[in-house]
Every structure is written in C-alpha cells, then in structure tokens.
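Asks: give me coordinates for this.
(chains A and B)
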Amino acid sequence: MVVAEATVASDRVAAAWRVLRDVMDPEIPVLSIVDLGIVRFVREERSGEDSEATLHVGLAPTYSGCPATEVIRGSVERALARAGFARVKIENVLSPPWTSEWVTAEGRRKLLAFGIAPPQEPVSSPRRLFGETTVHCPRCGSEATERISEFGSTPCKAHYRCTECLEPFDYFKCI
Amino acid sequence: MSDARLQYVLRLADTSLVLGQRLAEWVGHAPALEEDLGLANVSLDLIGQARLLLTYAGEIEGRGRTEDDLAMSRDQSDYLNLAMAEQPNGDFACTIVRQFLIDAFQLELYEALQQSKDARLAEIAAKALKETRYHVRYSASWMVRLGDGTEESHRRTQEALNNLWRYTQEFFAADAVDEEMARAGIAPVLAELAPRWSARVDEVLREATLQRPVDTPYSWHGKRGDHTEHLGYLLAEMQFLHRAYPGATW
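Replies: Purely as a prediction, here's the structure:
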C-alpha cells in the first residue's frame, strides 16, 4: 500500500493546528499542548482508493509514565471530532524524546503568569555540568530560592521555595 | 535470536515494573509529603518505561499479547526482573538503598542502550535515561542525607546496604541471553558497565560515610525466573483485580 504524504500544510492541517492550540494540558490548564511542545506533527495521509484522508497527529509524551498522556490523547480526539475531522490517528512519538526546550516562548510566559517557574536554561548549558540551576521565584523574581524536592505535584515539576518572599512554588524541570 | 531478544526486553520491562510497583506501595505512607510525591513520581516513570517495553515485548512475541496481558497474566516464574527490584520496601533507608543501587545501574544501562542496534530499544532507552538522571539524583542525595545524618539513620542505612548488597551481583552476571544480545550489538557487555557503576556507587558511599560491603555468592536468578520469596506476594496483590475480573476496564 502506497501512502501519499501531503507535506505541504493544507488548509485542513492548518485548521487542525488551530484546534490543537485550544487543547489544554489537564494538569497545567493555562498551557495548551502546542505551548508544551508535545505536538510533533500534523499531516494528512490518503491511502489507496479511500476518498477521505486520515489526519495523523504525532504526540510526544513528556514523561513515560505521565498519567496526563492518556487524557491528552482523548482530548485531542474529541476536539478534532468536534471540529469535523472524522478520521484521526494519534501516533506516539518517542524519538527524539521530548525535552523542556520545546516549551514555546509563549508557553514559558504563561507558566510564569500562572505561578510556575519555567524551565530556565537549555539542557545543553555548560552550567548544568556542575548541577547548578538558578531558579527565579515566579512571584517576586528573587534568585534566592531553594529546592524542597526534586519531584513536585506532577512528573514535570520540582518543588521549590523562595527564601525572600517565603512562598513555595513549582518549577517546571529541565529534561 | 527473537527468543533471546524477547527475554532481554522482558528483563528490562519486569525490573522497571516490579520496582515501580514496590515504590507505589509507599503512596500515603512515606515519612513526609515530599517523599510521598517523590517516590510516586519515580514509580510512575518506571511503570511508564515498563509499558513501553512490555508493548514491544508483546510485538516481538507475536502472539497478540498486550502490555496488560504480559503484566497481569504472567506467573512468578515467567517474570524476569532482577531479584533486587522485588525486595521489600522495609524502612525508608532500605527503599532508598535499593533505589540508588538500581538507579545507578539503569543509568549506565540506558546510556549504553541508546547505541543499541535495535532502534526501538534505543529510543526507549533515550527517553528512560532522561528520567533516570532525576531518579539517581534523588536517591543519591538521600543516601548522603541518611548515611551522613544521625547515628540512627546511619546505622539503618548501613544495615540496609549490608542486606541488599548481595543482590547487586546479578546486575552484571551475563548469561546466554545477555551474551547473545551483546554479540548482536543490541545490548552492552554487562561486565563493561560494572566499573562505571562501581565508581559512582563508591563516590556516593564515601560522601555518605557508608562502608561498601563485600561481594558474596548468591543462589537466585531473577533474570531467569528463579526468584526470592517476595515476588509472589507482590504479584498476588498487583494481579488480583485482573485475575478476579479478567478484562475489566474503567
């Protein structure tokens, strides 16, 4: 079976991206899955004599065991169905593995406004070799923060505390 | 070849699944909320890795078994996890020592498996490695806090280390499956991972003021389905629902 790939973004693909921009992460509801960088591709494929194309959406899980992954798949299917996409196939994209560097600039801004410190340095930064991370308090902006725990309320976050304004906060981990 | 590959993938999957299940037993019982969350997070990562590996194992096997079939319907002797993973939680020190020793091993293993000639294993390893780096930072920092902590925490951690050390030798004891996979370029040569694992462990033990125990002979082979007495109880709890109500979903 030969599969014809539409590599040029068609109107339908553009429409699908617009739908996906409104699908929110269930655990960080201010962030869409596009902001999070987990939508890796959207393309239409038409196979054989089938008249209707199938929309393929590639989703990269943030963490292997993140329970939100299943919820997100369901939300994507429902949102696309509501928007009139009858044939949708969601693909799990493992490689290359998701990295926090894929969180968009818009996503970082939304995280900060929501009170979550965004991932602050590219994972390839040489400072990471020495295990240092400067995390700014999302409330007062201070650098005087300390890690309470490597693991926070969801797999993607660590738990920090600001020693200036004394507020505890979540930090979106670099991975 | 495909039989060895199936067994190899099941070993990786089962070690992660069984350890993930053990850590999940802490939920609601950990000494502090942060640790409850920490252990649950590591557990989730491990179970997530196990799902990817079990799905792949099902495909290699080619009998239509899903991740759930493999996790919930195999008996103890069909489980191929390292015996270390099934050891009981004990106290917090015991859980942390078990975790650190396995984390440090998985770190070397996944690092090497990224170069596997099996593309699927390589991509699962690359994903798992990112998570394992956090796991080892977590468990190593607790090794130091406990070992170099109070007299009581030091005593308990050293005791846990003495009790669990015997299970580390299985990590590096290659059998026919490991050798075949290494020859095919699918898996690393286990003996080559040992010095790096050992160096990392020694470094942390030194900082934690703990003594490295001596190696002793052992008589179980978790990788070949020959387990200690603890695995059966774990599986009985984990598999109960699925066995009582086969195919149940919610």
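Asks: show me what the strand or helix carrying A:Glu77 is packed against.
Replies: With secondary structure defined by DSSP states H and E, A:Glu77 is part of helix A:68-82. Counting contacts by 3 or more CB pairs under 8 Å, 6 or more residues apart in numbering or on different chains; DSSP states H and E, helix A:68-82 is packed against helix A:11-20, strand A:54-59, strand A:88-92. Just so you know, the C-beta spots here come from the backbone N, C-alpha and C atoms, and that holds for glycine as well.
Asks: tell me which of the ones you listed sits most buried.
Replies: strand A:54-59 (a mean of 19; mean count of other CB atoms under 10 Å in any protein chain shown).
Asks: the helices and strands packed on helix A:68-82 into CSV, with extra columns for mean pLDDT?
Replies: Below are these laid out as CSV (pLDDT from 0 to 100):
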stretch, mean pLDDT
helix A:11-20, 93
strand A:54-59, 94
strand A:88-92, 93
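Asks: where does chain B get nearest to chain A, residue-wise?
Replies: B:Gly48 (2.6 Å; CB to the nearest CB).
Asks: assign that residue to helix, strand or coil.
Replies: Look at B:Gly48: counting by DSSP: H, G, I helix; E, B strand; the rest coil, its state is helix.
Asks: so it is in contact with A:Ala68, correct?
Replies: No: using CB atoms under 8 Å, B:Gly48 is not in contact with A:Ala68; the gap is 11.4 Å.
Asks: between the lengthiest strand in chain A and helix A:68-82, how many degrees?
Replies: In chain A, assigned by DSSP state E, the strand with the most residues is strand A:39-47. If you take axes from the mean of the first three to the mean of the last three CA atoms, to 10 degrees, strand A:39-47 sits at 50 degrees to helix A:68-82.
Asks: write down the beta-bridge partners of the closest residue to A:Ile148 other than its chain neighbours, one by one.
Replies: Nearest in space to A:Ile148, with sequence neighbours left out and distances taken as CB to CB, 6 or more residues apart in numbering or on different chains, is A:His159 at 4.4 Å. Here A:His159 sits in beta bridges with A:Ser149, A:Asp170, going by DSSP bridges.
Asks: how near is A:His159 to A:Ala79?
Replies: 31 Å (CB to CB, to the nearest Å).
Asks: and for B:Gln169?
Replies: 52 Å.
Asks: which one's more surrounded, these two?
Replies: For B:Gln169 versus A:Ala79, neighbours defined as other CB atoms under 10 Å in any protein chain shown are more numerous around A:Ala79 (18 against 14).
Asks: who are the contact partners of that one?
Replies: A:Val19, A:Leu20, A:Asp22, A:Val23 (CB atoms under 8 Å, 6 or more residues apart in numbering or on different chains).
Asks: ok, these vs chain B, which is closest?
Replies: Of the contacts of A:Ala79, the one sitting nearest to chain B (CB to the nearest CB) turns out to be A:Val23, at 21.0 Å.
Asks: B:Trp142 versus the closest one, what's the distance?
Replies: 37 Å.
Asks: show me which of the two is the more surrounded one.
Replies: B:Trp142 (24 against 19).
Asks: how about that one: what's its closest non-neighbour residue?
Replies: B:Ile96 (4.5 Å).
Asks: let me know the pLDDT of that neighbour.
Replies: Predicted confidence (pLDDT) for B:Ile96: 98.
Asks: that one contacts B:Leu146, correct?
Replies: Yes: assessed by CB under 8 Å, B:Ile96 is found in contact with B:Leu146 at 6.3 Å.
Asks: the more surrounded of these two?
Replies: Here B:Ile96 and B:Leu146 are compared on neighbour count by other CB under 10 Å; more neighbours surround B:Ile96, at 27 against 23.
Asks: which residues touch the more buried one?
Replies: B:Ile96 touches B:Ser139, B:Trp142, B:Met143, B:Leu146, B:Thr157, B:Ala160, counting by CB under 8 Å, 6+ apart.
Asks: tell me which helix or strand it sits in.
Replies: Going by DSSP H and E, B:Ile96 is in helix B:92-113.
Asks: likewise B:His154?
Replies: helix B:151-164.
Asks: run the angle between that helix and helix B:92-113 for me.
Replies: 50 degrees.
Asks: what's next to helix B:151-164, contact-wise?
Replies: By CB under 8 Å, 6+ apart, helix B:151-164 touches B:84, B:87, B:90-91, B:93-94, B:96-98, B:101, B:143, B:145-148, B:205, B:208-213.
Asks: 7 Å - rerun?
Replies: B:84, B:87, B:90-91, B:93-94, B:97-98, B:101, B:146-147, B:209-211, B:213 (CB atoms under 7 Å, 6 or more residues apart in numbering or on different chains).
Asks: need the buried ones from these selected in PyMOL.
Replies: Buried residues within the contacts of helix B:151-164, by 16 or more other CB atoms under 10 Å in any protein chain shown, are selected in PyMOL with:
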select buried, chain B and resi 84+87+90+93+94+97+98+101+146+147+210
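Asks: check the contacts of helix B:151-164 against chain A, which are close?
Replies: The subset of those within reach of chain A, by CB under 7 Å from any CB of the partner chain, is empty.
Asks: which residues are in contact with the closest residue to A:Phe85 other than its chain neighbours?
Replies: Leaving aside its chain neighbours, A:Phe85 sits nearest to A:Leu55 (5.1 Å; criterion: CB to CB, 6+ apart). Applying CB under 7 Å, 6+ apart, we find A:Leu55 in contact with A:Ala16, A:Val42, A:Glu44, A:Leu80, A:Phe85, A:Arg87, A:Val88.
Asks: which parts of chain A sit against chain B?
Replies: A:63-66, A:94-95, A:97, A:148-153, A:155, A:159, A:175.
Asks: the residue most distant from the middle of chain B, which is it?
Replies: B:Glu151 (29.0 Å; CA atoms, centre = their mean).
Asks: can you tell me how far the residue minimising distance to the centre of chain A is from chain B?
Replies: Nearest residue to the geometric centre of chain A (CA atoms, centre = their mean): A:Leu36, 2.2 Å. A:Leu36 sits 16 Å away from chain B, going by CB to the nearest CB, to the nearest Å.
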